[in-house]
Each structure stands twice: as structure tokens, then as C-alpha cells.
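>>> predicted model follows, preceded by the sequence.
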Amino acid sequence: MIPPLLAYGWTRYRYAYGNVYPGVVPRVTQWTSGFASRQYNEVYRSPDVCEAWRVRYYDTPTHITWQKDMNCSPTSIGLTTGPRRAYCEQIYTGTDPNTVYAYNCDTTVP
């Protein structure tokens, strides 16, 4: 069986990555430059320190169609119906992680 990602020709697109440092602001807020159909929108953290992150889809520059907040990695939402802008955000909860960790925000493009 061929995985759906390959069967439909989806390409993973990493639209943000880097390191998070304790106490450093501004927090991470990133989005894709354009709108496209998406298979998923995910943010991964390593090591997983269970700091809160948010992923979203927008169908216009200001209208959110789907959002998920989650403390532990990965934070993920799935397939869209129609073109969407993908977005990821590190949520400030009043506490900072005690360690530096890496993150990446991934989505797909057709």
C-alpha cells in the first residue's frame, strides 16, 4: 500500500524552525507565505518539554478556520478543504522551559 502523502503527491514544507531559549522573547509566531490545500499542519519539539504551542489554518488573512493548542509534541491538525495558510505559535503560559529545545513547524503543499 502506498502512503497517502506519496499517493497524492504532497510535499512536506518546513516553514519555521529554530531553538527556544528559557526567558527569551518575543515568542515564536510563524506562518506560510501563501494559501494552499494542506494535508497537515504540525509543530514538533525536541526534547519534548511539554511547553504549549498552537497550530491554525486561515482561509483569509484574518479568519481562523481550525485551531489546536497542545502542551506536548506534536501539536497537529489535519487535512483542509480548500486553500489555507498554515500558522504555528509558541503560547506564553507564564512559565518558561528549563532547557533549550528545538522546534519545527511543518505543513504540506500539493
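Looks like it arrived, so ask away. Residues are numbered from 1 along each chain as shown.
>>> just the pLDDT for Asn41.
At Asn41, the predicted lDDT confidence score is 97.
>>> wait, doesn't it sit right on Arg54?
No: using Cβ atoms under 8 Å, Asn41 makes no contact with Arg54, being 10.4 Å away. C-beta: built from backbone N, CA, C; applies to glycine.
>>> list residues touching both of those two?
Residues touching both Asn41 and Arg54 (Cβ atoms under 8 Å, 6 or more residues apart in numbering) are 87-88.
>>> which of the two has more neighbours?
Asn41 (29 against 16; other Cβ atoms under 10 Å).
>>> tell me who's in contact with that one.
Contacts for Asn41 (Cβ under 8 Å, 6+ apart) come out as 55-57, 76-77, 86-88, 105-107.
>>> who does it bridge with?
Ile77, Thr107 (DSSP bridges).
>>> look at Ala102 and tell me its secondary structure.
strand (DSSP: H, G, I helix; E, B strand; the rest coil).
>>> my guess is it contacts Asp48, does it?
No: shown here, Ala102 and Asp48 do not form a contact pair, counting by Cβ under 8 Å, at 10.5 Å.
>>> these two touch, right, Thr80 and Phe35?
No: taking contacts as Cβ under 8 Å, Thr80 lies outside contact range of Phe35: 9.6 Å.
>>> out of those two, which sits in the busier spot?
Ranked by neighbour count (other Cβ under 10 Å), Thr80 and Phe35 place Thr80 first, with 21 against 17.
>>> ok, Pro110 to Gly18 distance?
Noted for Pro110: a distance of 26 Å to Gly18, by Cβ to Cβ, to the nearest Å.
>>> swap in Ile91?
Relative to Gly18, and taking Cβ to Cβ, Ile91 is found at 16 Å.
>>> so the two - more neighbours on which side?
The neighbour count for Ile91 versus Gly18, taken as other Cβ under 10 Å, is higher for Ile91 (15 against 11).
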